[in-house]
Structures are given as C-alpha cells and as structure tokens.
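Q: here is a sequence together with a model predicted from it:
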Amino acid sequence: MRADAGLHGRARELEVLDRLLLELRDGRSRALVLRGESGVGKTTLLAHLAERAGRAGRVVRTAGVETGSEIAYSNLHELCAPLMHRFGRLTPAQQEALGTALGMGDGSAGHLLVGLAVLDLFAEAAVEEPLVCVVDDVQWLDGMSAAILAFVARRLDAEAVALVFAVNTTASALAPANDRLLAGLPELRVEGLADEPARKLLASVLAGPVDPGVLDRIVAESRGNPLALLELHRDHR
C-alpha cells in the first residue's frame with residue numbers, strides 16, 4: 001500500500017491539521033482532539049501531522065498502552081525527555097516538581113506545579129522552533145500524565161505549541177476517565193470513509209481484479225473503516 005493511501009478521502013481532516021500548522025507557525029498555540037472508532041485512521045492522520053510539522057519544527061510523541069497505564073507520569077516522561085535541555089530555564093520550584101514527577105529527584109511534585117512546569121517547558125522549547133506534541137490512544141495514558149496534559153492544553157496561548165490528542169472511542173467506552181479530562185477542547189471527528197475513497201483505498205492494496213459483488217460487499221461491511229476494509233479484503237482473498 002502506498003504511504004499516502006491512508007489519506008484517501010481525508011480532505012476535511014487534512015485541512016484542519018494544515019490550518020493548525022499555519023497558526024502554529026504564526027506563533028499561536030492550539031489544542032485539538034481527534035475522536036473516532038478503532039481503525040478509522042486517527043493514527044495515520046497523526047503521522048501525517050508529525051511528518052509535516054517536523055519539516056519546520058520539533059515533534060514529540062507518546063501513545064497510551066493499556067498495560068502501562070498504571071505507571072504514573074510515564075507518558076509525560078516520553079514527551080518531556082527530548083526537551084530537557086530547556087529544564088534549566090524553569091524556576092527552582094518547577095524544576096523540583098517536574099524532576100520529582102519524572103523520577104529525577106525526591107522532592108515535592110504537586111499537581112498544579114507540575115502542570116505549570118510542563119507548560120513552561122513546552123513554551124521554552126518552542127522559543128527555538130514550533131513544538132507539536134502528539135498524543136495517541138489517550139484512553140490508555142497513565143492517569144497523572146493525562147491530567148497534566150489536559151491542564152496544559154487548556155492554558156496554551158501564544159507559545160507556538162500544539163497539543164494534538166487522539167481518542168479511540170471504541171476503547172474509551174471501557175476506560176472513559178482520560179477522555180473526560182479533554183471535554184470541551186476543540187475536536188475533530190474522524191468518521192469512516194465515503195464509498196469512493198473506500199474503493200480507492202481498497203484498490204491500492206489489490207493484487208489483481210476482484211469480483212464487483214465482493215468489492216461492494218467489502219465496502220458495505222466495513223462502513224468505511226480503513227482497518228476493517230483491509231481486514232475484510234484479506235478475508236475475501
């Protein structure tokens with residue numbers, strides 16, 4: 001499958017992401033939450049965003065993992081570790097709080113002070129170049145990281161920082177706590193593909209002709225979900 005095949009039929013979503021990057025380059029910060037069911041293409045869109053953002057700025061990423069959701073601050077550590085060259089720009093109290101949260105010290109790590117420290121660390125990193133923080137599978141983040149990142153997302157202003165989250169709505173029904181933390185932030189709903197883009201995506205993986213009836217059935221059964229589309233294609237081979 002071609003690298004861009006997962007972007008078939010995503011003009012609306014790509015327009016939103018491209019506009020976010022333009023605003024970021026103008027020095028405006030943005031938070032955005034991508035929501036959609038499992039396999040609908042959120043991770044592909046995040047990868048596109050990261051690739052575009054990396055041409056003119058810095059990208060840091062983390063993704064929730066169900067088995068790691070009880071390790072406090074583990075996702076926050078993944079985002080902050082590449083930015084620690086700016087750690088010395090924080091106030092002593094912020095350094096103590098964030099250092100303790102990230103396992104670098106044994107002082108105090110109050111929630112408010114950690115949140116302000118992360119906000120300032122992101123802002124300091126963005127002085128050098130725009131910063132995009134990509135957070136996938138929010139529903140599986142450890143709870144402390146999710147709370148801190150939601151705190152930061154609500155306080156972004158003019159730091160040239162973007163915080164872009166993706167929530168798997170299928171899985172978040174089982175683990176809704178982190179999803180609730182993002183309520184009220186700007187959202188982008190990622191839906192299944194329309195029939196024509198779904199057919200183009202399917203055509204990009206076909207090795208040869210497929211019976212039109214089978215093709216129709218695959219597109220209909222997948223409801224435009226790219227992952228389901230490809231799985232059904234394998235089942236019908």
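A: Great, that's in hand. Residues are numbered from 1 along each chain as shown.
Q: for the lengthiest helix in the chain, which positions count as buried?
A: Assignment by DSSP state H gives helix 111-128 as the longest helix of the chain. Under the neighbour-count criterion of 16 or more other CB atoms under 10 Å, helix 111-128 has 113-126 buried. Quick note: C-beta positions are derived from backbone N, CA and C, even for glycine.
Q: ok, now stretch 166-183?
A: Applying 16+ other CB under 10 Å to stretch 166-183 flags 166, 167, 168, 169, 171, 172, 175, 178, 179, 181, 182 as buried.
Q: now do residue 147, the pLDDT please.
A: For residue 147, the pLDDT comes out at 97.
Q: separation between it and residue 26?
A: Residue 147 is 29 Å from residue 26, where distance means CB to CB, to the nearest Å.
Q: which of the two has more neighbours?
A: In this view residue 147 and residue 26 are compared by other CB atoms under 10 Å, and residue 147 has more residues nearby, 18 against 10.
Q: A helix includes residue 166, no?
A: No - in this structure, residue 166 is strand, not part of a helix, as judged by DSSP: H, G, I helix; E, B strand; the rest coil.
Q: so it sits against residue 44, correct?
A: No - the criterion here is CB atoms under 8 Å, and residue 166 misses it with residue 44 at 10.2 Å.
Q: ok now stretch 154-173, how far from the chain's centre?
A: The chain centroid and the centroid of stretch 154-173 are separated by 7 Å under CA atoms, centre = their mean, to the nearest Å.
Q: how does the chain divide into domains?
A: According to automatic domain parsing, the chain comprises the domains 5-189, 195-235.
Q: single out the most deeply packed of those domains.
A: domain 5-189 (a mean of 18; mean count of other CB atoms under 10 Å).
Q: where's the nearest residue to residue 141 once chain neighbours are set aside relative to residue 78, distance?
A: Spatial nearest neighbour of residue 141, chain neighbours left out: residue 64 (4.1 Å); criterion: CB to CB, 6 or more residues apart in numbering. Separation of residue 64 from residue 78 (CB to CB) stands at 10 Å.
Q: residue 183 too?
A: Counting by CB to CB, the gap from residue 183 to residue 78 is 24 Å.
Q: all strands of the chain, in order?
A: Using DSSP state E, the strands found in the chain span residues 30-36, 58-63, 131-136, 161-168, 187-189.
Q: make CSV from these and add mean pLDDT to it.
A: Compiled in CSV, the strands of the chain are given as follows (pLDDT from 0 to 100):
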stretch, mean pLDDT
strand 30-36, 97
strand 58-63, 97
strand 131-136, 98
strand 161-168, 98
strand 187-189, 97
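Q: need those in JSON lines with distance to residue 152, can you?
A: JSON lines is the format used below for the strands of the chain (distance: least, CB to CB, whole Å):
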{"stretch": "strand 30-36", "distance to residue 152": "8"}
{"stretch": "strand 58-63", "distance to residue 152": "13"}
{"stretch": "strand 131-136", "distance to residue 152": "9"}
{"stretch": "strand 161-168", "distance to residue 152": "6"}
{"stretch": "strand 187-189", "distance to residue 152": "17"}
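Q: with that, I have no additional questions.
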